[in-house]
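Student: Would you be able to build a 3D model of this:
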Amino acid sequence: MYAIKLGCGHMYCGKDAIQSLADLPGTTKRAYIVMSGTVQKELGQLKMVTDVLEGAGFVCRSYTDVEPEPSFETVKRGAADMAEFQPDWVIGFGGGSAMDAAKAMWVFYENPQYHTLSDVMPPNEIENLRVKARLCCIATSAGTGSEATRAALIKDTVEKKKYSIRCMKGRLVPDVAVLDPIFTTTMPKSLTASSGMDAITHAIESYVTPLANPYSDAMAMASFRYGYESLGECYEHGDNLEARANMLAASCMGGIAFSNCALGIVHSIAHTFGAEYGVPHGLANAIVLPYGIAFNDADPRTHQRYQELAALVGETDLYQAVMKLRTRIQVPNTMGEVVKDEAHFREHLDALVDKAFADVCTPFTPRKPSQEEMKNLILEVYYGKKER
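Tutor: Residues are numbered from 1 along each chain as shown. This next block holds a predicted model:
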């Protein structure tokens with residue numbers, strides 16, 4: 001038996017989807033808006049959101065102190081501020097970091113009895129949700145799919161480790177998602193590339209995990225097709241609203257896919273480099289992806305599934321298709337181009353291997369690595385396949 005949840009209660013998609021915020025129900029009509037930095041405010045996008053909400057009678061407060069890799073310290077500060085404001089809607093407005101932070105703050109706002117990340121980690125079940133507030137996510141980048149997932153990725157800055165706060169019953173999936181392409185047109189090209197590759201990684205990994213099922217397959221296949229066919233256009237012509245809308249759809253469907261099965265070794269290694277070196281999650285996945293494909297391709301079932309994905313976009317080899325797209329959108333070839341301190345990398349290599357092995361995604365990768373294989377794969381990610 002497996003349980004399926006195909007996204008939010010309501011998803012509003014396409015041009016002018018932001019107007020749907022006027023229909024949010026509420027008793028106190030207080031909205032707490034979580035963002036990563038002040039860029040949405042500076043671009044005038046926050047005002048677009050608050051104008052709709054205030055026109056519908058909401059009082060709004062915004063929180064901007066979220067890092068690109070949200071930390072537990074930030075979550076605690078936001079939850080405390082939320083407790084003072086007492087919203088009945090929590091709104092994550094931004095990329096994955098803003099949406100994940102909003103989810104985590106919401107958990108601790110609803111449950112003041114919790115004080116540590118371990119309190120809300122599986123197998124512990126989150127006690128209260130939707131007692132004080134409901135959750136809405138407005139995506140401004142197309143990558144994480146967090147607006148439709150059951151998890152929030154939060155960094156422990158002391159342990160230099162990422163934790164996935166999850167509800168296996170799907171209760172952490174937002175109530176409402178808004179996918180308006182107007183918010184993604186201002187993304188810099190580098191963020192368009194890295195976030196888009198994050199979405200494509202979700203589609204590929206969820207399609208080959210042993211936990212894949214007919215429902216996750218459908219979402220993964222559609223996500224991959226729309227993502228692969230739209231990302232290059234988004235990168236080269238950022239004002240193309242149709243391509244941007246399709247990329248948002250790809251990201252959202254990828255999030256639904258992996259929420260109903262699992263991810264794999266690409267995410268395990270990406271999480272590790274993100275936690276240790278602060279490499280943004282989308283960029284880390286973009287770099288690791290072809291190395292993970294090459295590693296898993298030795299598994300016959302996975303090889304067949306890779307071929308199926310390639311055929312969806314008129315290609316015969318998934319690895320080559322991914323490499324072609326990465327070249328078009330100028331993704332770095334190796335992690336060493338991003339993490340410059342080679343001496344630190346070599347010194348901490350064994351610890352990186354251990355963290356990747358302990359990552360929540362590793363048990364669900366289709367080809368299970370040995371300790372030595374994980375080490376060799378991380379070395380390839382860092383240096384490339386050249387002689388080391």
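
Student: ok, residue 5 touching residue 170?
Tutor: Yes. Applying Cβ atoms under 8 Å as the test, residue 5 and residue 170 come out as touching, 3.8 Å apart. (C-beta placed from N, C-alpha, C; glycine too.)

Student: where do the contact lists of the two overlap?
Tutor: Taking Cβ atoms under 8 Å, 6 or more residues apart in numbering as the criterion, residue 5 and residue 170 both touch 150, 259.

Student: Any idea which residue is closest to the centre of the chain?
Tutor: The geometric centre of the chain, computed from its C-alpha atoms, lies nearest to residue 144 (Cα atoms, centre = their mean), at 2.4 Å.

Student: what sits against it?
Tutor: So residue 144 contacts 95, 96, 99, 100, 195, 198, 199, 251, 255, 281, 282 (Cβ under 8 Å, 6+ apart).

Student: OK, contacts around the second one?
Tutor: Residues in contact with residue 96, defined by Cβ under 8 Å, 6+ apart, are 141, 143, 144, 146, 153, 195, 198, 281, 282.

Student: Assign the third one to helix, strand or coil.
Tutor: Which is residue 144. Following DSSP: H, G, I helix; E, B strand; the rest coil, residue 144 is assigned to coil.

Student: Retrieve the pLDDT associated with it.
Tutor: pLDDT recorded at residue 144 is 90.

Student: and residue 69, what are its phi and psi?
Tutor: Phi and psi for residue 69, reported as degrees, to the nearest 10, are phi -120, psi 90.

Student: Check whether it really touches residue 274, as I assumed.
Tutor: Yes. Using Cβ under 8 Å, residue 69 is in contact with residue 274, at 5.9 Å.

Student: Please enumerate the shared neighbours of these two.
Tutor: 155, 162, 280, 281.

Student: The second one: what's it in contact with?
Tutor: With contacts defined as Cβ under 8 Å, 6+ apart, residue 162 is in contact with 69, 153, 154, 155, 156, 271, 274, 275, 359.

Student: returning to that earlier point: by neighbour count, which of the contacts of residue 96 wins?
Tutor: In terms of neighbours by other Cβ atoms under 10 Å, those top out with residue 143 at 34 neighbours.

Student: Excluding residues flanking it in the chain, which one is nearest residue 202?
Tutor: residue 254 (3.5 Å; Cβ to Cβ, 6 or more residues apart in numbering).

Student: should've said residue 122
Tutor: residue 166 (5.8 Å).

Student: Surely the one you found touches residue 125?
Tutor: No. Residue 166 is beyond contact range of residue 125, at 10.1 Å (criterion: Cβ under 8 Å).

Student: okay, those two: which has more neighbours?
Tutor: residue 166 (20 against 10).

Student: which residues does the more buried one bridge with?
Tutor: Beta-bridge pairing of residue 166 under DSSP bridges involves residue 151.

Student: From residue 358, how far out is it?
Tutor: Here the criterion is Cβ to Cβ, to the nearest Å. By it, residue 166 lies 16 Å from residue 358.

Student: and if you look at residue 34?
Tutor: Going from residue 34 to residue 358 by Cβ to Cβ gives 29 Å.

Student: Which one's more surrounded, the two?
Tutor: More neighbours surround residue 34 than the other of residue 34 and residue 358, with 31 against 12 (other Cβ under 10 Å).

Student: need the helices for the stretch 251-388 of the chain, in chain order.
Tutor: Secondary structure of the stretch 251-388 of the chain (DSSP state H, counting those that start in this stretch): helices located at 265-277, 281-296, 300-312, 318-328, 342-347, 349-358, 371-383.

Student: quick one: low-confidence ranges for this protein?
Tutor: Within the chain, the ranges that satisfy pLDDT under 70 run 386-388.

Student: who touches the closest residue to residue 43 other than its chain neighbours in this structure?
Tutor: In this structure, residue 43 finds its nearest non-sequential neighbour in residue 186, 5.6 Å apart by Cβ to Cβ, 6+ apart. If you count contacts by Cβ under 8 Å, 6+ apart, residue 186 has them with 43, 45, 238.

Student: name the element residue 186 belongs to?
Tutor: Secondary structure assignment for residue 186, by DSSP states H and E: no helix or strand.

Student: Let me have the helices of the stretch 251-388 of the chain in JSON lines, extended by distance to residue 19.
Tutor: Output for the helices of the stretch 251-388 of the chain, formatted as JSON lines (distance: least, Cβ to Cβ, whole Å):
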{"stretch": "helix 265-277", "distance to residue 19": "35"}
{"stretch": "helix 281-296", "distance to residue 19": "28"}
{"stretch": "helix 300-312", "distance to residue 19": "33"}
{"stretch": "helix 318-328", "distance to residue 19": "34"}
{"stretch": "helix 342-347", "distance to residue 19": "48"}
{"stretch": "helix 349-358", "distance to residue 19": "44"}
{"stretch": "helix 371-383", "distance to residue 19": "43"}
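
Student: Nearest to residue 117, out of these?
Tutor: Among the helices of the stretch 251-388 of the chain, the nearest to residue 117 by Cβ to Cβ is helix 265-277 (13.0 Å).

Student: angle of the closest one against helix 349-358?
Tutor: Interaxial angle of helix 265-277 relative to helix 349-358 (axes from the mean of the first three to the mean of the last three Cα atoms, to 10 degrees): 130 degrees.
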